[in-house]
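[1] coordinates only, sequence not included:
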């Protein structure tokens, strides 16, 4: 049975994960950069008196602007962290599915090898040297690529 990793991942996405992904995608865009640049330019222009002193609402050193920028940074960083956690979950799911696929493939290969050995035996063909080579290769791969735990 073939498992689509994308379908598996969608099953685990919560509403918060989806929202965080949308926010980080939006915040990481050129559009967001442009909007922020225009917003801050207008804010600074208004509050330095470019449009008249009666429009100034946040005088230098722009305490309200500092508060707004800090809050934006806090919320964006939280969304980025949530999105990174989701990406980590996605990587774990993909790794697990890859592992399952590898196990199934190895099992299928072993069955095919047994079938071939039976066919060779029925045809009186000696394949003992090849089966020995398979065993040797498996040991070599295990030795050269050991599993390392964190």
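    Good, I have the coordinates. All values derive from a computational prediction rather than experimental measurement.
[2] any idea which residue sits dead centre in the protein?
    Nearest residue to the geometric centre of the chain (Cα atoms, centre = their mean): residue 87, 3.3 Å.
[3] is that residue within a helix or a strand, and which one?
    Using DSSP states H and E, residue 87 sits within helix 63-122.
[4] what is that helix packed up against?
    If contacts are counted by 3 or more Cβ pairs under 8 Å, 6 or more residues apart in numbering; DSSP states H and E, helix 63-122 sits against helix 5-12, helix 15-27, helix 30-47, helix 128-144. For every residue, glycine as well, the C-beta is placed using N, CA and C.
[5] mean pLDDT and distance to residue 111 for the ones you listed - can I get that in JSON lines?
    As requested, the helices and strands packed on helix 63-122 are exported to JSON lines (pLDDT from 0 to 100; distance: least, Cβ to Cβ, whole Å):
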{"stretch": "helix 5-12", "mean pLDDT": "73", "distance to residue 111": "25"}
{"stretch": "helix 15-27", "mean pLDDT": "84", "distance to residue 111": "39"}
{"stretch": "helix 30-47", "mean pLDDT": "95", "distance to residue 111": "53"}
{"stretch": "helix 128-144", "mean pLDDT": "89", "distance to residue 111": "14"}
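[6] nearest to residue 96, of those?
    helix 5-12 (8.7 Å; Cβ to Cβ).
[7] packing partners for the closest one?
    Here helix 5-12 touches helix 63-122, going by 3+ Cβ pairs under 8 Å, 6+ apart.
[8] report the angle between the helix it packs on and helix 5-12.
    Here helix 63-122 points in a direction 130 degrees away from that of helix 5-12 (axes from the mean of the first three to the mean of the last three Cα atoms, to 10 degrees).
[9] and residue 50, what are its phi and psi?
    Per-residue torsions, residue 50: phi -60, psi -40 (degrees, to the nearest 10).
[10] report the contact partners of it.
    By Cβ atoms under 8 Å, 6 or more residues apart in numbering, no residues touch residue 50.
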